[in-house]
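Colleague: Need coordinates for the below:
(one chain, ligands or ions: 1)
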Amino acid sequence: MLLPKFELLQPRSLEEATTMLAESNGETRVIAGGTDILVQMKWRKLRPSRLVDIKALEELRGLRWGQDHLRIGALITHREIETNQRIWDRFSALAEACRLVGSFQIRSMGTIGGNLCNAAPSAESAPPLLVFDAQAVIVTADGKISLPLEDFFVGPGKTLLQPRQLLQGITLPYPPARTGSAYLRHSPRNAMDIATVGVAARVTLDEGGATCRDVRIALGAVAPTPKVARSAEEALRGKPLQQEFIRAAARLAAQEAEPITDIRASAGYRREIVEILTERALILAGQRADIAP
Ligand SMILES: Cc1cc2nc3c(=O)[nH]c(=O)nc-3n(C[C@H](O)[C@H](O)[C@H](O)COP(=O)(O)OP(=O)(O)OC[C@H]3O[C@@H](n4cnc5c(N)ncnc54)[C@H](O)[C@@H]3O)c2cc1C
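Modeller: Reported below is the predicted structural model:
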């Protein structure tokens, strides 16, 4: 199937890009790696008359390791994340999620910004970014705003972004000492497939290593948006990281999920998988926290 006709705009600066978007008549879309939007255009789900190609924008590139946080440019690809040892050391759940995306070709083209802005409930990078308390940095022709990533998603395929806005990147505060994290996903097919369920967990242990000082849990593909499992977190925070407490938290995570039945799985099956993956992700994150500096 051929792509519908469109005009391609290639801004050289962020300012030029935001001006192009501000002047748009609502039929203009941003394109980064194109692995989501071109498929949607081919299937005639989207018919933008203009595409603003943001790939040349320096301001959206790279990783910046600041004093107390990491800034990830929206154009960073999954491949760049999965091959970065510093990310594995500090934000393992994120590297783990990016390593699971599509194929080598998709990971080399697909960007973190595109993954978040496409806003699929199954978006692989979302649960790990949520457990690391990510902030989304949004730019318009008038300036920049920063908001919790959790508030960025408003529904399947929908974000808070207005057509005239761009996601510049995300910032992640460095996790405290003795923190470990993990991302696990389930898809019944061995072939390339999106997540039927994805779970990210982050555990920070106390100095003695026995108690869970802090914990974050986020779920993918089981609600209209990627979702933080708050009651599960509360149940485990301050408790010994032992099987009975981990299991109780996993059960609560399954209750908090709002899965649907679709071609990939039934709602009941998804709920069961949430419980299993949450338990496993917490155990793995705890083991990693135990050996973390
Ligand atoms: C075969 C295949 C397998 C896949 N497997 C997976 C998988 O396992 N897991 C998974 O999560 N995803 C998967 N995907 C989906 C896709 O590859 C990812 O979501 C990817 O990260 C999208 O990034 P992109 O740069 O290609 O986005 P694009 O297609 O360029 O853009 C996606 C959307 O985001 C908007 N956008 C992009 N960047 C910005 C920005 N900076 N500011 C504002 N709006 C922006 C675009 O307008 C568009 O609406 C797969 C796709 C294919 C085709």
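
Colleague: For the helix or strand hosting T171, which helices and strands make contact with it?
Modeller: According to DSSP states H and E, T171 maps onto strand 166-173. Helices and strands touching strand 166-173, as assessed by 3 or more CB pairs under 8 Å, 6 or more residues apart in numbering; DSSP states H and E, comprise helix 14-22, strand 69-73, helix 112-118, strand 135-140. C-beta here means a position set from N, CA and C on the backbone, and glycine is covered the same way.

Colleague: Just the C-alpha atoms of the longest one, please, in PDB.
Modeller: Taking Å, rounded to 0.1, in the frame of the first residue of the first chain, the C-alpha atoms of helix 14-22 are listed here in PDB:
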ATOM      1  CA  LEU A  14      14.100  24.000  17.500                       C
ATOM      2  CA  GLU A  15      12.900  27.500  17.000                       C
ATOM      3  CA  GLU A  16      12.300  26.900  13.300                       C
ATOM      4  CA  ALA A  17      10.400  23.600  14.100                       C
ATOM      5  CA  THR A  18       8.200  25.200  16.700                       C
ATOM      6  CA  THR A  19       7.400  28.100  14.400                       C
ATOM      7  CA  MET A  20       6.400  25.600  11.600                       C
ATOM      8  CA  LEU A  21       4.200  23.800  14.100                       C
ATOM      9  CA  ALA A  22       2.700  27.100  15.400                       C
END
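
Colleague: which ones are touching the residue of the chain found nearest the ligand?
Modeller: Residue of the chain nearest the ligand, by CB to the nearest ligand atom: G114 (2.1 Å). The contact partners of G114, by CB atoms under 8 Å, 6 or more residues apart in numbering, come to 32-33, 35-37, 74.

Colleague: Likewise for A134?
Modeller: Counted by CB under 8 Å, 6+ apart, A134 has contacts 148-149, 170-172.

Colleague: So what's the residue count around the closest residue in space to it that isn't next to it in sequence?
Modeller: Ranked by CB to CB, 6 or more residues apart in numbering and with sequence neighbours excluded, the top spatial neighbour of A134 is L149, at 4.2 Å. Around L149 there are 23 other residues, counting by other CB atoms under 10 Å.

Colleague: Surely L149 and N115 touch.
Modeller: No. In this structure L149 lies outside contact range of N115 using CB atoms under 8 Å: 11.8 Å.
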